[in-house]
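>>> Can you look at this prediction? I've put the sequence above it.
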Amino acid sequence: MTIRTIGVIGGGAWGTALAAAARRTGCHVMLWAREKEVVDDINLNHRNDMFLPGIDLASDIRATGDLAQAARADALLLVIPAQHLRSTCKALEPHLEPGKPLVICSKGIEQKTGALMSQVVAETLPEARIAVLSGPTFAAEVARGLPTAVTLAVEDAQLGQPLIEALGSKFFRPYLSNDIVGTEIAGAVKNVIAIACGIVHGNKLGDNARAAIIARGLAEISRLGLALGGQRETLMSLAGFGDLTLTCTSMQSRNFSLGAALGAGRSLSDILEERHSVAEGVATAPAVLDLAAQHGVEMPICAAVDAMISEGQPVEQVLDTLLSRPFKTEIG
């Protein structure tokens, strides 16, 4: 198959950046956004200053508020906040022909069901061909054309190469994988670990503590990923270790910056109220713990983050609980 047109479903920072990346390969791009001001800004000013300020877009990237129009593309990139992916897929269903390639670019676990994003799409659009794109990606850097490498996970071998040809370029380099589950678990859980690293930063606990959280966070990601059938190699790859490292070490990360604000003593409600973009780790934390409990997986860092987010426990109490855990062997 040949993919010449790309529909981007979601007009946030990441969706806009992926639209820019796809246009650089020569694909015609139509971006769907819920917000009329985003549609107008892209079409009239070739920018998306609501979600990706200060970056000029190619003048022939078009935006629409009509899902049916975007769905006509040869392949769709689903760049919707994780907790809204199911409703968006249901709205897409009347407009999709069987076998349409859908690339999931959202990172999270559905709160109500514990479903991975690929499971949500498979349930709502069972005739679609599914791929997952994940990895260490700050939207602004991708939009500017700075070098980026990502994991593209597909189970259908015939789908991988056409997608790489449509999305891949000198500065946006997809690496193929067949491990959808491992890729999704890594992308979802790293957001929770990033909040923990942000809390360490905001509470001025030092770089040693942040390094420890990254390492032990990777152990938690690996335990859950392997329990669900993911591959160890995936968890050490771009989608796993690469993405975890990026999002745990920079204030560009929405999850890290949210954690930093929490660690500095700000309330979660105040932080969320002032943001346009979604920090996926907030909704993912309780969903991760539910999934871990179902599979008998211990995830103390994720539990500590959830205690602050869902139960409102103060930073000092959560840290004391985490640091008072029994000593144990490193492996396991």
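On my side now, so go ahead. Numbers count the residues shown, from 1 in each chain.
>>> Dump stretch 105-112 to CSV, keeping only the CA atoms.
The C-alpha trace of stretch 105-112 is given here as CSV (Å, rounded to 0.1, in the frame of the first residue of the first chain):
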residue,chain,number,x,y,z
CYS,A,105,0.1,8.3,19.3
SER,A,106,-1.6,8.7,22.7
LYS,A,107,0.1,7.5,25.9
GLY,A,108,-2.0,6.3,28.7
ILE,A,109,-4.3,3.6,30.2
GLU,A,110,-8.1,4.1,30.3
GLN,A,111,-9.2,4.7,33.9
LYS,A,112,-12.6,3.1,33.8
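>>> Tell me the buried residues in it?
Across stretch 105-112, burial judged by 16 or more other CB atoms under 10 Å covers Cys105, Ser106, Lys107, Gly108, Ile109, Glu110. All C-beta spots, glycine's among them, are computed from the backbone N, C-alpha and C.
>>> residue contacts, the first one?
Under the criterion of CB atoms under 8 Å, 6 or more residues apart in numbering, the contact partners of Cys105 comprise Gly10, Trp14, Gly15, Leu18, Leu77, Leu78, Val79, Val132, Leu133, Ser134.
>>> Kindly recompute the last result at 6 Å.
Leu77, Val79, Leu133 (CB atoms under 6 Å, 6 or more residues apart in numbering).
>>> Kindly report the same for the second one.
With CB under 6 Å, 6+ apart as the criterion, the residues that contact Ser106 are Ile80, Ala82, Leu85, Met117.
>>> Name the SS class of it, please.
Following DSSP: H, G, I helix; E, B strand; the rest coil, we place Ser106 in the coil state.
>>> and it, what pLDDT?
Looking at Ser106, its pLDDT reads 96.
>>> ditto for the fifth one
Note on Ile109: pLDDT of 96.
>>> Do I have it right that it meets Leu289?
No. Using CB atoms under 6 Å, Ile109 and Leu289 do not qualify as a contacting pair, with a distance of 10.0 Å.
>>> What pLDDT does the model give the nearest residue to Gln83 once chain neighbours are set aside?
Spatial nearest neighbour of Gln83, chain neighbours left out: Ala283 (5.2 Å); criterion: CB to CB, 6 or more residues apart in numbering. What the model reports as pLDDT for Ala283 is 92.
>>> Please apply the same query to Leu272.
The model reports Leu272 with a pLDDT of 91.
>>> Apart from its chain neighbours, what residue comes closest to it?
Sequence neighbours aside, Val282 is the residue nearest to Leu272 in space, at 7.4 Å (criterion: CB to CB, 6+ apart).
>>> And that neighbour, how far from Gly114?
Val282 sits 16 Å away from Gly114, going by CB to CB, to the nearest Å.
>>> And the helices in the stretch 51-200 of the chain?
Counting by DSSP state H, counting those that start in this stretch, the stretch 51-200 of the chain has helices at residues 67-70, 85-92, 117-124, 139-144, 157-167, 180-202.
>>> distance of Asp320 from Ile301?
Note on Asp320: its distance to Ile301, by CB to CB, is 14 Å.
>>> Have a look at these two and say which one is more surrounded.
Taking other CB atoms under 10 Å, Asp320 and Ile301 do not tie; Ile301 has more neighbours (22 against 10).
>>> Which elements pack onto the helix or strand where the more buried one lies?
Per DSSP states H and E: Ile301 is located in helix 300-311. Contacts defined by 3 or more CB pairs under 6 Å, 6 or more residues apart in numbering; DSSP states H and E place helix 300-311 against helix 180-202, helix 280-294, helix 315-323.
>>> right, and out of the contacts of Cys105, which lies closest to Ile221?
Leu133 (18.1 Å; CB to CB).
>>> if we can go back for a sec, any idea how far the residue nearest to Leu272 lies from Gly135?
Separation of Val282 from Gly135 (CB to CB): 21 Å.
>>> picking that back up, the helix holding Ile301 relative to helix 315-323, how many degrees between them?
Helix 300-311 runs at 150 degrees relative to helix 315-323, counting by axes from the mean of the first three to the mean of the last three CA atoms, to 10 degrees.
>>> Buried ones in helix 300-311, by neighbour count?
Ile301, Cys302, Ala303, Ala304, Val305, Asp306, Ala307, Met308, Ile309.
>>> okay if I get the residues you listed as TSV plus pLDDT and distance to Ser237?
Putting the buried residues of helix 300-311 into TSV (pLDDT from 0 to 100; distance: CB to CB, whole Å) gives the following:
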residue	pLDDT	distance to Ser237
Ile301	96	21
Cys302	96	21
Ala303	96	26
Ala304	95	26
Val305	95	24
Asp306	95	26
Ala307	94	30
Met308	91	30
Ile309	91	28
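>>> If anything else comes up later, I'll come back, but that's it for now.
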